[in-house]
Every structure is written in C-alpha cells, then in structure tokens.
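**Q** sequence and computational prediction follow.
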Amino acid sequence: MTSSKTHLRGVPNVISVDRRAAKPLYQQIYDSFRTRIIDGQLRPAQLIPSSRELARELRVSRLPVLNAYAQLIAEGYLESRAGSGTFVASSLPGAAKARSANVASAVTLANRPVAKEAASLSRYERPSWAASLGAFQVGQPDLHRFPIETWLRLVARYSRSMRVKALQYGDALGRADLREVIATYLRTSRGVRCEPEQIMVVSGSQQALDLATRVLLDVGSSAWVEEPGYWLVHRVLQARGCRAVPVPVDGEGLDVSAGVKLGRKARAAFVAPSHQYPLGVTMSASRRLQLLEWARSAGAWIIEDDYDSEYRYDTMPIASLQGLDTNGRVIYIGSFSKVMFPSLRLGYLVIPPDLVERFAAMREAMDICPADITQAVTAEFIREGHFARHVRRMRPIYAERRRVLVAEIQQQFGDRATILGDEAGLHLAVVLRRLQNDAKIAAKAAKESLWLSALSALYLGSLRQQGFILGFGNTNLPQIAPAVRQLKKLLSA
C-alpha cells in the first residue's frame, strides 16, 4: 500500500499521504491540513487528532506529523492548548464561510432546481423569540415550574435499568407502555374513543399534521383551514402541494356552511375545536355535528388538533370532537409540548383502526420510529401521577396570570381593546381599534424582548383583523403589568 487516508473527527478522507511521492511526508500532512482549513472542511476551534493518534492512523512515524504540526502552529493555522489538545486556530477569519457564500451567490434555484413545493416555502429564519425567553411568547409553558428533578430522577432510573433491546429500532407506532397510558388518559379526560392500538407516538403535533397530510391528501388536493388559523397547518399543506381553503371562524367556531360554499369537495378539514388558534373560540355542538355530517357525506377527513385542552379556567375541559365521530372520519392529534416542555418533541395521533397500517407504513418511510428514552420516561411520568399533579398545580397559576393580564389590558386600553379566547389555554388574542400595522409593531417590540405575535399574519385571505396574540404561560405575574404598559407605549410612539 502506497497511500493512506484517515478520518478526522467524523470528516471522511481528510488527511492523506502517498509514500511514492517525491514530496516529504511532513509536507504532505502539512498541505492536507492547510488546504482543508482554507476550504472550510476544518473549522476554527475544531479539535484535531493528537500527533500519536494521527501517526498510528497514517501508519507513519510520529516525526513527520510533529514537524507538520509545528509548521502549522508557527503559521497560525493550528493552536495547542495545554491539557486539551491541538485545535484549528480559533482566531482564523471565516474564509471558508466567505468562500461558501461566494459559491452560493453565483448559484440560484434556476440552475439547481428543487421540488416546487420546497421552493415555494418561505425562507427559513429561526424565530427571534426562540433564542431567549420573554413576556408574551406564544406556545411556551412556565418552564421554571416543570418538576425537572422528578424528570431527571426518572431519566436516571431508566438509564440504570436500560436493556440492550432499547438500543434497537422500535415500533413505528411507538412504545406499547406509552400508548397504553395515553389511551387511558384520553378516554378519561378528553372523551376520546380509542385503544392503544390506534395510537401513534410522533415528534410533536407538527409531525402528526405532516403525517396526516401525507396519508390522506394527494398533491393538488384542497383542505379547509380555519381563518385565521395555525400557520404551521398552512405550511404543511403548502409543502405537500395542497390547496388551503380559508374558512371563516366566528363565535361558534369554523363556519361549516361557508366551508361548503367555498370548497364542497375538499378532502379534509383542519380544526382546533376545543380552543381554536388564535381566536380561542370553542366550536359549538351544532357546528361539530354539521362538520361531522359534511365529512361523512363528502367522504372527507377531519384532523382535530387538541393542543392545549388541559387548561380551561371557568368550565371543565371540553370533550373532543373525535368522541362524537361514529364514522371513523376524525384523526385526533395531541401534544405534550404545552403541558410539559417544548423540547420534549413528543405528540401523538389517534387513528381510525382501518388507517393504522397506512399511517405506520408512511411513518416508517419518514423516520422509522420515535426515540425510546423520551417515550419510556414520559410513560413513567404519567403512570406515577406526576403528569396529572403538574397539570393540577399549574392550572390555578395560569388562571391567575390570565386574570391579571385581562384586567391590565382593560385598564390600559379600555374599550379600544377586544379580548378573545381567554377562557382556556395559554394565550389570548387582543384586537385593537385604530391599529394599522400589527406586524410592524411586533417587529419593533421584539427588539425590546417583548414577543408579540401579529394576528394579521395568521390569515390567508385579504380581510385581516389587526391585533396581537399574547402568551401568558411563561409570563410571570410581576412581568404582566409592565409588559402591557410597554405595549401601550409602543402603540403611542
């Protein structure tokens, strides 16, 4: 063998030498490192192998490696940290990043085509509120009050007793013990008709929406969405190449009669009947029955998103739409993100029995199975009663925050403000008269760590109410009054 290559910290074929070449071995090693640092294959502050390790991998003596490293350190490409090892110099400018940017600027989607559904999606930008916590963030529970010590104890207990079987691929539907406790919980608290065999564990409600769309809708199909409605539903349908039909929401929820006029032949309806997002409306019994009848007669599907039904303040939680379904037309979606914590990334679907196999086949094609450890620990968390205790403990805390927020809005804005959807959940909507550009105000507020969600951004049609969605789940009582006054000041500027 005349040449040798080695893998460098997960980067394949990085360093190579050729013993037949006239160039000395130390020079070949030096050139390989220098070229890959400049090209950006090796990044600033990245750890590289020790001289002893690299010599062993290349099957050469240690001397040429030491000479190459010494030269690279002398020229500023590498740096040695006592007790830690040798690294690509952290002070190097982003040459690789600049080179990548130059390449990207010369290339467009015109000559590097992707699927039209992918090309049509809005540019990805990590939401500014994801980087730090602040007042009025939507979709955030109070993370400081989650019983993290209990959770960590369960994680440790699972880790100590973990079997080799847990290292293998799991069931596409999820762990049987978690599906069992979810089924029990849904039957007793949500009025859902289900057995563990109908439940699929997924990575949050977003994957559930995506799966339902992939299984039930063809490219080009139309589907009803609530107007205004959850932006991720819009995005999922767009990514699938489906047409979203915006159906107005009024005081009784989705206007089924309007939906029939706008798209009688729609293949599905995406709804949140227990607590509509963003307006917080609860769908009336008559509308629920109308929607179920439409689905039956049209051969359509209903995707029910029950994202935060655990928190209802003036009445008992509203029973699910799925519990009224006698024709197997409803796919029920739930999530632990709002009750436990968002990074858990754990949700579930309740699937009509005859569709379970199709959902499982699609799930397997997408990502095989959910992670085992989060399922196992969540199952224990629920089985031992920690989940129910946490919900009971948080309900009065959130209720008090809601009460204070409503009172402060009324005090600061008077009859200029109309408050919607404060009966349940972790957010409310406030519609403000004489508000011209809610998106502009929200962008300005973000610079002051005030996280407002613009109501107008959740519409698909041209008729858009102006207002804000205010989350109070992670907004402590002392923050509420100053934050509302801050909003008032921004509107007056």
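**A** Sure, I can see it.
**Q** same for whichever strand or helix holds residue 70, what does it pack against?
**A** Here residue 70 is covered by helix 62-74, with elements defined by DSSP states H and E. For helix 62-74, the packing partners by 3 or more Cβ pairs under 8 Å, 6 or more residues apart in numbering; DSSP states H and E come out as helix 25-39, helix 51-58, strand 78-81. Quick note: C-beta positions are derived from backbone N, CA and C, even for glycine.
**Q** pull out the buried residues from the first one.
**A** Buried residues in helix 25-39, counted by 16 or more other Cβ atoms under 10 Å: 25, 26, 27, 28, 29, 30, 32, 33, 34, 36, 37.
**Q** specify which member of those is nearest to residue 371.
**A** For those, the residue nearest residue 371 by Cβ to Cβ is residue 36; the value is 33.4 Å.
**Q** before we move on, back to that, can you lay out the helices and strands packed on helix 62-74 as JSON lines showing distance to residue 418 and mean pLDDT?
**A** Output for the helices and strands packed on helix 62-74, formatted as JSON lines (distance: least, Cβ to Cβ, whole Å; pLDDT from 0 to 100):
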{"stretch": "helix 25-39", "distance to residue 418": "58", "mean pLDDT": "90"}
{"stretch": "helix 51-58", "distance to residue 418": "67", "mean pLDDT": "90"}
{"stretch": "strand 78-81", "distance to residue 418": "60", "mean pLDDT": "92"}
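**Q** among these, which comes closest to residue 363?
**A** Nearest of those (Cβ to Cβ): helix 25-39, 38.8 Å.
**Q** circling back: for residue 158, find the nearest of the helices and strands packed on helix 62-74.
**A** helix 51-58 (34.3 Å).
**Q** buried sites along that closest one?
**A** Buried residues in helix 51-58, counted by 16+ other Cβ under 10 Å: 51, 54, 55, 57, 58.
**Q** nearest to residue 298 among the residues you listed?
**A** After measuring the buried residues of helix 51-58 against residue 298 - Cβ to Cβ - the closest member comes out as residue 57, at 64.2 Å.
**Q** so the closest one makes contact with residue 48?
**A** No. Look at residue 57 against residue 48 with Cβ atoms under 8 Å: they stay out of range, at 11.6 Å.
**Q** circling back to that earlier point, alpha carbons only: can I get the helix holding residue 70 in PDB?
**A** Extracted in PDB, the C-alpha atoms of helix 62-74 (Å, rounded to 0.1, in the frame of the first residue of the first chain):
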ATOM      1  CA  ARG A  62       5.500  10.300  14.600                       C
ATOM      2  CA  LEU A  63       8.300  12.600  13.500                       C
ATOM      3  CA  PRO A  64       6.700  13.900  10.200                       C
ATOM      4  CA  VAL A  65       3.400  14.500  12.000                       C
ATOM      5  CA  LEU A  66       5.200  16.500  14.700                       C
ATOM      6  CA  ASN A  67       7.100  18.500  12.000                       C
ATOM      7  CA  ALA A  68       3.800  19.300  10.100                       C
ATOM      8  CA  TYR A  69       2.000  20.300  13.300                       C
ATOM      9  CA  ALA A  70       4.900  22.500  14.300                       C
ATOM     10  CA  GLN A  71       4.800  24.300  11.000                       C
ATOM     11  CA  LEU A  72       1.000  24.700  11.100                       C
ATOM     12  CA  ILE A  73       1.200  26.100  14.600                       C
ATOM     13  CA  ALA A  74       4.000  28.500  13.600                       C
END
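**Q** element containing the closest residue to residue 174 other than its chain neighbours, please.
**A** Once flanking residues are discounted, residue 174 sits nearest to residue 201: 2.8 Å by Cβ to Cβ, 6 or more residues apart in numbering. Here residue 201 sits within strand 199-202, counting by DSSP H and E.
**Q** for residue 418, same thing?
**A** Judged by DSSP H and E, residue 418 forms part of strand 417-420.
**Q** still on that earlier bit, tell me who's in contact with the residue nearest to residue 174.
**A** For residue 201, the contacting residues are 173, 174, 175, 178, 179, 182, 346, 347, 348, 370, 375, by Cβ atoms under 8 Å, 6 or more residues apart in numbering.
**Q** repeat the analysis, applying 7 Å as the threshold.
**A** Shown in contact with residue 201 (Cβ atoms under 7 Å, 6 or more residues apart in numbering): 173, 174, 175, 178, 179, 346, 348, 370, 375.
**Q** which stretches of the stretch 101-250 of the chain aren't confidently modelled?
**A** Low-confidence segments of the stretch 101-250 of the chain (pLDDT under 70): 101-111, 126-132.
**Q** mind running it again at 90?
**A** Segments of the stretch 101-250 of the chain classed as low confidence (criterion: pLDDT under 90) are 101-135, 137-140, 161-170, 189-190.
**Q** what about the helices in it?
**A** For the stretch 101-250 of the chain, the helices defined by DSSP state H, counting those that start in this stretch cover 116-120, 148-161, 176-189, 204-216, 231-240.
**Q** pull out the buried positions in the shortest one.
**A** For helix 116-120, a neighbour-count test (16+ other Cβ under 10 Å) marks nothing as buried.
**Q** which secondary structure elements does that helix contact?
**A** Here helix 116-120 touches helix 231-240, going by 3 or more Cβ pairs under 7 Å, 6 or more residues apart in numbering; DSSP states H and E.
**Q** same question, the fourth one
**A** The elements that helix 204-216 packs onto, with contact taken as 3+ Cβ pairs under 7 Å, 6+ apart, are helix 231-240, strand 301-305, strand 330-335, strand 347-350, helix 356-367.
**Q** so which bits of the last one are buried?
**A** Across helix 356-367, burial judged by 16+ other Cβ under 10 Å covers 356, 359, 360, 362, 363.
**Q** okay, it in CSV with CA atoms only?
**A** Only the C-alpha atoms of helix 356-367 are listed here, as CSV (Å, rounded to 0.1, in the frame of the first residue of the first chain):
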residue,chain,number,x,y,z
VAL,A,356,-53.4,2.5,11.3
GLU,A,357,-51.4,0.3,8.9
ARG,A,358,-51.2,3.1,6.3
PHE,A,359,-50.0,5.6,8.9
ALA,A,360,-47.5,3.1,10.2
ALA,A,361,-46.2,2.5,6.7
MET,A,362,-45.8,6.2,6.0
ARG,A,363,-44.2,6.8,9.4
GLU,A,364,-41.6,4.1,8.6
ALA,A,365,-40.8,5.7,5.3
MET,A,366,-40.2,9.0,7.0
ASP,A,367,-38.2,8.2,10.1
